[in-house]
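Asker: no sequence for this one, just the structure:
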């Protein structure tokens, strides 16, 4: 099996596994959820994915923190709001559709590795946050869920970069892994290897994103709910 086929299988396995996890949670804990086939469900997911796809195009490089190929976007904001309303399955579906919509406007510059990373790391925030919130819908569980989701995303994103993404980027651009580490060293002299790279560059970037998106979600959810999610 060639590398392309392996990558496609990995993508399908990641998406399928996360949908299965979200579906099992909803089956046991979300008794009042809308059906996936209902017009309201489809419309809400579609609107949220479209907004997320557009936001994904707006990338903010934090050059004081990480090399320029790492960028901050707020595309998880509509995904989180949608998952808080409909549940974790909607969150995973919205996250996946967001990637497809983004690719319609802007082709991948990383042979889809970056898009896979965005999807997986985004779900690491959205799934814990929405699961905790839907276990008991209160403002307290929303805050707890967002806090846990931010921590999970930060830890998972760091490990994912160390184990898979950085080696994949190095292979893709035909450069030694040390060259990527050196790009981080030019920004922060404390970066001397892969471990310090993810600890001092990747982890803070994910933490900042999680905190910003979580705060905006708390501020906007109740305000946009009557506009976007009013049930008939």
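Answerer: Okay, I see it. Given the structure is predicted, the values throughout are model-derived calculations rather than measurements.
Asker: alpha carbons only for contacts and neighbour counts from here, please
Answerer: Will do.
Asker: quick one: the helices in this structure?
Answerer: 3-29, 39-57, 76-86, 88-105, 113-135, 139-160, 166-172, 177-185, 194-197, 203-228 (DSSP state H).
Asker: right, and the ones you listed - which one's nearest residue 68?
Answerer: Comparison of those against residue 68 by CA to CA identifies helix 177-185 as nearest, at 9.1 Å.
Asker: re the thing from before, could you redo the helices of the chain as TSV and give each row mean neighbour count, distance to residue 69 and mean pLDDT?
Answerer: Shown next, in TSV, are these (neighbours: other CA atoms under 10 Å; distance: least, CA to CA, whole Å; pLDDT from 0 to 100):
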stretch	mean neighbour count	distance to residue 69	mean pLDDT
helix 3-29	14	21	83
helix 39-57	20	14	92
helix 76-86	27	19	94
helix 88-105	23	17	94
helix 113-135	24	10	92
helix 139-160	21	15	95
helix 166-172	16	10	82
helix 177-185	18	10	90
helix 194-197	20	13	93
helix 203-228	17	12	88
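Asker: what's the distance between the nearest residue to residue 64 once chain neighbours are set aside and residue 69?
Answerer: Distances taken as CA to CA, 6 or more residues apart in numbering put residue 187 closest to residue 64, at 6.5 Å, once the chain neighbours are dropped. Spatial separation of residue 187 from residue 69 under the definition CA to CA, to the nearest Å is 13 Å.
Asker: If we ignore the residues flanking it in sequence, what's nearest residue 206?
Answerer: By the measure of CA to CA, 6+ apart, the closest residue to residue 206 outside its immediate chain neighbours is residue 154, 5.1 Å from it.
Asker: Roughly how far does the closest residue in space to residue 128 that isn't next to it in sequence sit from residue 191?
Answerer: Of all residues beyond its chain neighbours, the one nearest residue 128 is residue 149 (5.1 Å), with distances taken as CA to CA, 6+ apart. Taken as CA to CA, the spacing of residue 149 relative to residue 191 amounts to 26 Å.
Asker: Ok, residue 200 next?
Answerer: Going from residue 200 to residue 191 by CA to CA gives 7 Å.
Asker: before we move on, what about residue 15?
Answerer: Per CA to CA, residue 15 is found 33 Å from residue 191.
Asker: May I see the buried residues of stretch 187-202?
Answerer: Within stretch 187-202, the residues scored as buried using 16 or more other CA atoms under 10 Å are 188, 191, 193-194, 196-202.
Asker: Can I get the helices of the chain in CSV including distance to residue 65?
Answerer: Formatted as CSV, the entries for the helices of the chain read as follows, by distance: least, CA to CA, whole Å:
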stretch, distance to residue 65
helix 3-29, 29
helix 39-57, 20
helix 76-86, 21
helix 88-105, 25
helix 113-135, 18
helix 139-160, 14
helix 166-172, 16
helix 177-185, 8
helix 194-197, 10
helix 203-228, 7
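Asker: Lovely, talk soon.
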